[in-house]
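[1] let me see the structure of the following:
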Amino acid sequence: MPKQGLRKRFLNPIRSIAAHSNRDERRKAVERDLINAESALGRSIFGEVKKGHTREFFCLKKNVWLWYEDGLMIRYEVRENGVYKQIGADAKYQRVTGEELNNFRNATKAYLNLIKTRIYNH
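    Okay, here's the model as predicted:
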């Protein structure tokens, strides 16, 4: 996935900074900051978030996307044979099809475009 490469490329200079006593902690903190920045853009593609509500949408790692809204977490996994979602931590994965699949594709494309241009200047 292109975004993963962008995040890794952005982190490479961080890894070479010798001033930090614990580079691994610093790298993890920077990666969390990048995910938070990406998520802030991701939530914006679905319109305004009502006051008092929470929404997150981001790519956690290669082929894994998270949608969180007001306590409900949906995990999407992009596999070789399709896109699957898990609603809640204990639920079984279900194949995403039809309009929901089209919406997912459009959301991921919009997300990738936003983060490439606004975070990674690509």
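[2] helix or strand right after the helix or strand of the chain with the lowest mean pLDDT?
    Among the secondary structure pieces of the chain, namely its helices and strands, helix 2-15 has the lowest mean (mean pLDDT, DSSP states H and E), a mean of 54. Remark: after helix 2-15, the chain's next helix or strand is helix 23-44, criterion DSSP states H and E.
[3] quick check: angle from whichever helix or strand comes after that following helix to helix 23-44?
    Sequence order places strand 55-61 as the next helix or strand after helix 23-44, per DSSP H and E. Here the directions of strand 55-61 and helix 23-44 differ by 130 degrees (axes from the mean of the first three to the mean of the last three C-alpha atoms, to 10 degrees).
[4] strand 55-61 pairs with which strands, and in what direction?
    Strand pairing for strand 55-61, using DSSP bridges, gives strand 64-69 (antiparallel).
[5] so after the strand it pairs with, what's the next helix or strand?
    The helix or strand immediately downstream of strand 64-69 is strand 72-79, counting by DSSP H and E.
[6] list the buried ones in the helix or strand where residue 108 lies?
    Per DSSP H and E, residue 108 falls inside helix 98-118. Residues of helix 98-118 classed as buried by neighbour count (16 or more other C-beta atoms under 10 Å): 104, 107, 108, 110, 111, 112, 114, 115. Where C-beta positions appear, they are placed from N, C-alpha and C, glycine not excepted.
[7] any weak-confidence spans in the chain?
    Low-confidence segments of the chain, defined by pLDDT under 70, are located at 1-21, 122.
[8] which residue packs closest to residue 77, ignoring adjacent ones?
    Nearest residue to residue 77 in three dimensions, chain neighbours excluded: residue 84, at 5.0 Å (C-beta to C-beta, 6 or more residues apart in numbering).
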